[in-house]
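1. Sequence and predicted structure are below.
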Amino acid sequence: MRILVVEDEVKIARFVQRGLKEEGYTVDVAFDGQHGYEYATTETYDAIILDIMLPGIDGVTLCSKLREEKNDTPILMLTARDAVQDKVRGLDAGADDYLTKPFAFEEFLARIRALLRKKGENITSTLQVGDLVMDLLTHRVSRAGKSIELTAKEFIVLEYLMRNVGKVVTRTMLAEHGWDINFDSFTNVIDVYINYLRNKIDKPFKNKLIHTIRGRGYIIRE
Ligand code: CA
């Protein structure tokens, strides 16, 4: 599960990011509205945490913009004060829920879980490339109907490849998304994990899905 946090208060953003990561979510952080918009429109998220008071584009405007563009990612608004007006504006703009700062992290997590459940009921939560299917809620992966057991890391790497189906994914991108580390020497680890994945996903089957793009990275496609 991948979550975008748009929050200009660095302390809160880092606190939320760390907490979500500990719960096993993959987290991206944007510190202003413009970057938030760019992340939200170039990556696919399972939920967006959106502060209302932001430099550049404010949270309410950003939320309406995304909804106008048919982006239906669940959005949890953060409001700085207990202002009814802010909540109404946020919900009118298409937010699914709101939380007033300061908040208890446990409540925050519960709201996120509720949003993700709601999303699971409304829209499909599976990724598919050919006969390879990944269920993002149950973490089940199968190919041609046969169940495939993956470790947590293998799942993260495969999920990232599948979310970017047909696009070249570099080792650096995979390292940043799976490990939050971006120094070059680490990228050898990526090759090791791609190998594990190939053994499980491609080796037993005739058609290979994971391809090496020499000098650039990897791509998953039919
Ligand atoms: Ca703010």
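-> That came through, no problem.

2. The ion contacts on the chain?
-> 8, 51, 53 (C-beta under 5 Å from the ion). Every residue, glycine included, has its C-beta placed from N, CA and C.

3. Would you mark the buried spots in stretch 3-13?
-> 3, 4, 5, 6, 7, 8, 9, 12, 13 (16 or more other C-beta atoms under 10 Å).

4. My understanding was that the last one contacts residue 29; is that so?
-> Yes: with the criterion set as C-beta atoms under 8 Å, residue 13 and residue 29 qualify as a contacting pair; they are 5.1 Å apart.

5. Need the residues touching each of these two.
-> 5, 7 (C-beta atoms under 8 Å, 6 or more residues apart in numbering).

6. Can I get the helix or strand of the chain with the lowest mean pLDDT in PDB? Just the C-alpha atoms.
-> Of the helices and strands making up the chain, the lowest-confidence element is helix 171-179, at a mean of 77, by mean pLDDT, DSSP states H and E. Extracted C-alpha coordinates of helix 171-179, given in PDB (Å, rounded to 0.1, in the frame of the first residue of the first chain):
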ATOM      1  CA  ARG A 171      17.600   0.200 -10.100                       C
ATOM      2  CA  THR A 172      17.800   3.500  -8.300                       C
ATOM      3  CA  MET A 173      14.000   3.900  -8.500                       C
ATOM      4  CA  LEU A 174      13.500   0.400  -7.100                       C
ATOM      5  CA  ALA A 175      16.100   1.000  -4.300                       C
ATOM      6  CA  GLU A 176      14.400   4.200  -3.300                       C
ATOM      7  CA  HIS A 177      10.900   2.700  -3.200                       C
ATOM      8  CA  GLY A 178      11.800  -0.600  -1.500                       C
ATOM      9  CA  TRP A 179      14.600   0.400   0.800                       C
END
